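Chemist: with the input below, show me the fold.
(2 chains)
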There are 2 protein chains.
Amino acid sequence: MSKRVFATPQEAEAAFYRAFAQRDLDGMMAVWADDEDIICVHPVGERLQGQAAIRHSWQSIFSNGPRMSFRIEEPRVLRDERLAVHQVKERIRFEDEQDFQPPVMATNIYRLGNGGWRMVLHHASPTPPLEKPSGTVIH
Amino acid sequence: MSKRVFATPQEAEAAFYRAFAQRDLDGMMAVWADDEDIICVHPVGERLQGQAAIRHSWQSIFSNGPRMSFRIEEPRVLRDERLAVHQVKERIRFEDEQDFQPPVMATNIYRLGNGGWRMVLHHASPTPPLEKPSGTVIH
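Modeler: So this is what the prediction gives:
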């Protein structure tokens, strides 16, 4: 199976969150570089390194977790020739819930290689629950 | 006051953890780039951006938190010409405690500018508490 080539870090990132939302394990791993130095830190998780450990973690998330949809907010970008850092706020909504969860902070790093831009690091961490707004709730 | 120039990302990182341990606010902010795009995410924290917000957060940590010493373990490095990503495990020991805390995962990013290598992103997140080893404890 030939892998898709991502011409920009943005294309790789879109494929990452699409695979995440669709629980598409092959699609997810196609975003990651084929290297043993890739790193993934899930919220409140240990550091995982390399294709096998990272694939296993996504397989577990896709098998055991609820279905989710994503909204990516306030991206911040740092760029060099062959590295791109995207710092984003992931807003996640679980299946059958009305509201989005408090933001997850994610640092996503992409590297340009022969196969285009691929993810080399994903570091996600939780934030405190949002304060309920005070005052009258207007429906 | 002229700022120190860090010739390598490693020098900048050493200064970062030295300032952290010594609660040296000016030393800490001298490690960070003089840019409004710098980003800091403390464990379970929101994203902070820019010199003022980041300085304020370190001031609060240095004023209110316990004194700490650091051991930096298992650094992983991704490098490009002008960006360097260090993924490290921070082991923190609080003053008056014998043991180190469970590791904090930190992604530290440095950028090469006219003033040498300076920090542009620090993203730290907690890990679950370590399992107590079973069996006899040997002192």
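Chemist: can you map out the strands along chain A?
Modeler: In chain A, the segments counted as strands under DSSP state E are A:39-41, A:47-49, A:68-79, A:83-94, A:104-113, A:116-126.
Chemist: residue A:126 and chain B, how far apart?
Modeler: Distance of residue A:126 to chain B, given as Cβ to the nearest Cβ, to the nearest Å: 6 Å. Yep, even glycine has a C-beta here, placed from its N, CA and C like the rest.
Chemist: number of nearby residues for the closest residue to that residue other than its chain neighbours?
Modeler: Spatial nearest neighbour of residue A:126, excluding adjacent residues (Cβ to Cβ, 6 or more residues apart in numbering or on different chains): residue A:43 at 4.8 Å. Look at residue A:43: counted by other Cβ atoms under 10 Å in any protein chain shown, it has 16 neighbours.
Chemist: which residues does residue A:106 contact?
Modeler: The neighbours of residue A:106, taking Cβ atoms under 8 Å, 6 or more residues apart in numbering or on different chains as the test, are A:86, A:87, A:88, A:89, A:90, A:122, A:123, A:124, A:125.
Chemist: identify the bridge partners of the fourth one.
Modeler: On the basis of DSSP bridges, residue A:89 takes part in beta bridges with residue A:73, residue A:105.
Chemist: shaky segments in chain A?
Modeler: A:1-2, A:130-139 (pLDDT under 70).
Chemist: switch the cut-off to 80
Modeler: For chain A, the stretches with pLDDT under 80 are A:1-3, A:128-139.
Chemist: in it, which residue sits nearest chain B?
Modeler: residue A:125 (3.5 Å; Cβ to the nearest Cβ).
Chemist: dump the residue contacts of that residue.
Modeler: A:41, A:43-44, A:104-106, B:41, B:43-44, B:123-126.
Chemist: in TSV, list these along with distance to residue B:51.
Modeler: Formatted as TSV, the contacts of residue A:125 follow (distance: Cβ to Cβ, whole Å):
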residue	distance to residue B:51
A:41	26
A:43	28
A:44	29
A:104	25
A:105	19
A:106	23
B:41	16
B:43	21
B:44	23
B:123	17
B:124	19
B:125	23
B:126	26
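Chemist: up against chain B, what does chain A have?
Modeler: Residues of chain A that fall close to chain B, judged by Cβ under 8 Å from any Cβ of the partner chain: A:37, A:39, A:41, A:43-47, A:49, A:74, A:76, A:78, A:80-83, A:85, A:87, A:89, A:103, A:105, A:107, A:109, A:111, A:120-121, A:123-128.
Chemist: which of those are buried? Put it as a ChimeraX command.
Modeler: Selection of buried members from those for ChimeraX, criterion 16 or more other Cβ atoms under 10 Å in any protein chain shown:
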select /A:39,41,43,45,46,47,49,76,78,80,83,85,87,89,103,105,107,109,111,120,121,123,124,125,126,127
